[in-house]
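**Student:** Model the structure of this input:
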Amino acid sequence: MRGMPQTWNSKRDVLYCLDHWPTQAKHALQRFLDSRFEWIIVKKLADDESGVEDDTHRVREVTDEDGNVVERYQLEWKEDPNARLFRLGFTVDEAQNIVS
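**Tutor:** Here you go, the predicted model:
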């Protein structure tokens, strides 16, 4: 193998890369930290519900081919428990300590 691996499957893979390619590995770990938040569906809205729209909430409408609204969902901007960072076995504090 030449260079840093393109995929990581475990915390051990990341730690190995930190020893051999620290700058590249820290950049990748920072990307995982930055991408741990996303829009997550909280609930499906009923026809008479308006939903909440602010910095951390939005309403998503699903339409059919004709443009008619079929379903509406309440979304919230929050930390995804299935984010790549967590699947690799890191906590936010661990990753931030490594990156800084």
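
**Student:** who touches stretch 71-80?
**Tutor:** 36-45, 49, 51-52, 55-62 (CB atoms under 8 Å, 6 or more residues apart in numbering). All C-beta spots, glycine's among them, are computed from the backbone N, C-alpha and C.

**Student:** Could you tell me which of the residues you listed count as buried?
**Tutor:** The neighbour-count test (16 or more other CB atoms under 10 Å) marks 36, 45, 51 as buried among those.

**Student:** State the helix or strand in which the nearest residue to the last one once chain neighbours are set aside lies.
**Tutor:** With CB to CB, 6 or more residues apart in numbering as the measure, residue 59 is the residue that lies nearest to residue 51, at 3.9 Å, once sequence neighbours are left out. Following DSSP states H and E, the helix or strand that holds residue 59 is strand 57-63.

**Student:** got a list of contacts for that strand?
**Tutor:** 39, 41, 45, 50-53, 69-77.

**Student:** Farthest-apart pair in the residues you listed, please.
**Tutor:** 70 and 77 (23.6 Å; CB to CB).

**Student:** More neighbours: which of those two?
**Tutor:** Taking other CB atoms under 10 Å, residue 70 and residue 77 do not tie; residue 77 has more neighbours (13 against 9).

**Student:** Could I get the average pLDDT for the helix or strand harbouring the more buried one?
**Tutor:** Per DSSP H and E: residue 77 is located in strand 69-79. Per-region confidence: strand 69-79 scores 94 on mean pLDDT.
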